[in-house]
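> show me the folded form of this:
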Amino acid sequence: MTRTALRIGLFCVVGWVLTGIPLGGAAAVPVAYGTPTSFKVTVKNCQLSADGGSTWTTIWTTGIEMDVATVSKGDEALKFVQNFSIPFGTYNKMRYTVDAVMKITGSITYSGSTYYTSTSAVNDPTSGPAVEYTFTNPSGDTSYTNDVSVVVQNAKITYARISFNIDQGAALYLAGAGIYKILPNQVTPSVTVNAPAAPMP
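Below you'll find the predicted structure:
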């Protein structure tokens with residue numbers, strides 16, 4: 001049996017480009033960025049294609065919510081999809097869907113004031129603590145298709161890992177005169193798929 005490590009080097013935007021979102025007259029460009037203390041996203045499904053996207057092999061269809069801010073930048077955010085199988089072959093496309101709903105907690109300092117996430121859809125206070133804000137992308141769920149290079153020589157796949165750079169995962173928008181709102185900003189994931197290895201802890 002050949003043991004093969006399969007790496008999907010997926011540096012793509014799983015992000016939500018928020019320009020143009022109606023926010024009580026919000027500016028289209030953030031005035032400041034910050035690192036959230038919590039940033040929850042749900043990856044709803046994942047598929048691989050061996051023919052450039054004409055047909056797809058489904059890896060999973062169960063939504064997986066992960067808090068991508070719970071680990072340091074570049075570290076593993078979550079081990080997921082244990083013991084799934086991928087048929088033998090060479091795959092060149094990956095497609096997955098991110099749920100429209102995301103949740104963010106954190107604060108951003110701008111122009112001498114610190115703003116904290118709140119349950120308000122329009123403005124955030126300058127006194128804490130920060131509480132979780134649930135944001136829904138007005139465009140709905142978003143599907144992404146990316147080029148990959150995956151050769152499966154052993155059909156039994158043990159686990160997948162995903163890590164995110166969330167240094168600028170929170171963005172502060174001007175929502176009106178002296179009113180600001182923190183929203184999720186685009187984040188970049190790195191996904192790695194591994195062949196059978198040691199048991200997961």
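
> what is the neighbour count of Val101?
If you count neighbours by other Cβ atoms under 10 Å, Val101 ends up with 15. For the C-beta atoms, the positions are set from N, CA and C on the backbone; glycine is no exception.

> what is the burial count for the closest residue to Pro129 other than its chain neighbours?
Distances taken as Cβ to Cβ, 6 or more residues apart in numbering put Tyr116 closest to Pro129, at 6.7 Å, once the chain neighbours are dropped. With neighbours defined by other Cβ under 10 Å, the count for Tyr116 comes to 18.

> hmm, Asn123 and Tyr116 touching each other?
No. Tyr116 is not in contact with Asn123 according to Cβ atoms under 8 Å; the separation is 11.0 Å.

> how about low-confidence regions in the protein?
In the predicted model of the chain, residues 1-27, 71-85, 154-163, 188-201 satisfy pLDDT under 70.

> now do 90
Scanning the chain for pLDDT under 90 picks out 1-29, 41-48, 57-99, 128, 137-168, 175-178, 185-201.

> how about the helices in this protein?
Assigned by DSSP state H, the chain shows no helices.

> what sits against Ser113?
For Ser113, the contact set (Cβ atoms under 8 Å, 6 or more residues apart in numbering) comprises Thr126.

> quick one: it from Gly169, how far?
Distance from Ser113 to Gly169, counting by Cβ to Cβ, to the nearest Å: 20 Å.

> repeat that for Val29.
Val29 is 17 Å from Gly169, where distance means Cβ to Cβ.

> of these two, who's got more company?
When Val29 and Gly169 are compared for neighbours, Gly169 comes out ahead with 25 against 10, by other Cβ under 10 Å.

> that one reaches Ser38, doesn't it?
No. Gly169 is beyond contact range of Ser38, at 9.8 Å (criterion: Cβ under 8 Å).
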